[in-house]
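[1] Could you work out the structure for the sequence below:
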Amino acid sequence: MNIGEVAQQSGLPAKTIRYYEEIGLIAPQRSENGYRAFRARDLHKLAFIGRARALGFTIEDCRTLLALYHDDHRESGQVKAIAEQHLVAIDDKIAQLRSMRATLSHLVHCCAGDHRPDCPILDDLAGAEMHRDTTQERP
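    Next comes the predicted model:
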């Protein structure tokens with residue numbers, strides 16, 4: 001298969017596939033004219049990586065997970081540990097997003113959104129103390 005076919009079947013852009021080759025995640029064969037020749041196992045690896053990336057795993061996690069996938073002597077505990085670490089990172093990110101949402105929701109609620117220049121959203125972004133200092137210096 002050529003890169004266009006493999007891109008279509010894997011759902012990954014050709015540019016991403018080239019990048020994965022560049023960093024050593026996949027190693028398609030090369031024909032005499034230098035064109036990439038993808039095998040079924042390359043497509044399978046790309047689908048694996050695509051799914052792992054869709055779940056938010058890092059490139060290095062994908063590299064490790066691929067190695068474990070191909071290791072017949074792996075222990076599922078190794079895979080679970082990687083997934084658990086990633087789950088903790090996701091939970092941390094969710095907590096951060098919830099905090100951001102609560103703050104922004106409060107600021108939107110406090111903003112009159114009318115013709116006056118007073119805006120608690122801008123005040124917060126500027127830092128309340130900083131905003132007070134600059135308004136006091138105005139003539």
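[2] Now do the same contact list for the residue nearest in space to the middle of the chain.
    For the chain, the residue sitting closest to the mean C-alpha position, by C-alpha atoms, centre = their mean, is residue 56 at 5.3 Å. By C-beta atoms under 8 Å, 6 or more residues apart in numbering, the contact set of residue 56 is 86, 89, 90. For glycine as for every other residue, the C-beta is placed from the backbone atoms N, C-alpha and C.
[3] Among those, name the buried ones.
    Among the contacts of residue 56, those buried by neighbour count (16 or more other C-beta atoms under 10 Å) are residue 86.
[4] Put together a markdown table for the contacts of residue 56, with distance to residue 18, pLDDT and secondary structure on each row.
    Formatted as a markdown table, the contacts of residue 56 follow (distance: C-beta to C-beta, whole Å; pLDDT from 0 to 100; DSSP: H, G, I helix; E, B strand; the rest coil):
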| residue | distance to residue 18 | pLDDT | secondary structure |
| --- | --- | --- | --- |
| 86 | 26 | 97 | helix |
| 89 | 28 | 97 | helix |
| 90 | 28 | 97 | helix |
